[in-house]
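S.K.: Mind looking at a prediction? Sequence and model below.
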Amino acid sequence: MENVKFLLICAAIALGLALLARLTEHFLPEKRKVTPARRVCIVGICAALATVLHILDFPLPFLAPEFYKLDFSELPVLLCGFYLGPSATVACEGVKIILKLLLKGTTTAFVGDLANFVVGCSFVLPATFLYHAHKSKHSAILGLILGTAVMTVFGSAFNAVYLLPKFAQLYGLPLDTIIAMGTAIWGGVRNVSTFVLLCVAPLNLVKGTLVSILTMLLYKRVARPLFGIHA
């Protein structure tokens, strides 16, 4: 029953983020005109690429416990969002998680999957919103910086307040054991607050920075073959 309740909460959060993304688009200039069929195809392609990158995640044991893993799945999501807008990023993130669960299942009682979806959205939504508000290289850079900052702060707070306690409850791993894993890496980890400050926040900061750099390097190069953009 606890897992069922958690999945219902996940569904509610996903719906809320989708509505938020749709709402933000009303404050943006006119979007690029794309047919519904083409929009679905682009979201599907980017979600498939994101799924592959998500499955190829890897830990950074010198930075955080091994159940925290780094992946570059937000890269195709950002490419999709820069082309189609904020609501497409939420759809792409959602499809990515569904495909990953179908192919690989979950090893974290769905907590890690929710974390990847919500924290990923906290990164890509601010970035794509700010980019589409002005559509320039400068706004893209500012958007990626903002998205990285939001993901780092929100991801840490979300872990401390909800994800870590829920993971300990559903996975059957005492919270003190999780904190001890952080202490083994960083001697300053003493409680949940210091755990997220020293382990979670740096990991999100590293991920946001690397994905942002790759996005700026690749978007113009892949937009034409991937989305059919012509000069």
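M.R.: Happy to help now that I have it. None of these values were measured; they are calculated from a predicted model. Residues are numbered from 1 along each chain as shown.

S.K.: So, low pLDDT: which residues of this structure?
M.R.: 228-231 (pLDDT under 70).

S.K.: Spatially central residue for it, please.
M.R.: Most central in the chain under Cα atoms, centre = their mean is Gly120, positioned 1.2 Å from the mean C-alpha point.

S.K.: thought that residue was touching Ser73?
M.R.: Yes. With contacts counted by Cβ atoms under 8 Å, Gly120 reaches Ser73, the gap being 7.2 Å. Glycine gets a C-beta too; all of them are placed from N, C-alpha and C.

S.K.: Report the secondary structure element holding Ala223.
M.R.: Using DSSP states H and E, Ala223 falls within helix 201-227.

S.K.: From the contact counts, what lies against that helix?
M.R.: helix 36-55, strand 69-70, helix 74-84, helix 111-134, helix 137-158 (3 or more Cβ pairs under 8 Å, 6 or more residues apart in numbering; DSSP states H and E).

S.K.: Figure out which of those is closest to Lys104.
M.R.: Smallest distance to Lys104 across those (Cβ to Cβ): 5.7 Å, for helix 36-55.

S.K.: and the angle from that closest one to helix 111-134?
M.R.: 130 degrees (axes from the mean of the first three to the mean of the last three Cα atoms, to 10 degrees).

S.K.: Tell me the helix or strand right after helix 36-55.
M.R.: strand 58-59.

S.K.: That following strand - which strands sit beside it in the sheet, and in what orientation?
M.R.: Applying DSSP bridges to the sheet, strand 58-59 is found paired with strand 69-70 (antiparallel).

S.K.: Excluding chain neighbours, give the residue nearest to Leu205 in space.
M.R.: Leaving aside its sequence neighbours, Leu205 sits nearest to Thr152 (Cβ to Cβ, 6 or more residues apart in numbering; 4.8 Å).

S.K.: rewinding a little: for the helices and strands packed on helix 201-227, state which one has the densest average packing.
M.R.: helix 74-84 (a mean of 27; mean count of other Cβ atoms under 10 Å).

S.K.: Could you report the separation of the residue nearest to the centre of the chain from Gly182?
M.R.: 22 Å (Cβ to Cβ, to the nearest Å).

S.K.: now for the helices and strands packed on helix 201-227, which one comes closest to Gly172?
M.R.: So among the helices and strands packed on helix 201-227, helix 111-134 is nearest, using Cβ to Cβ, at 11.9 Å.

S.K.: Right, I'll leave it there.
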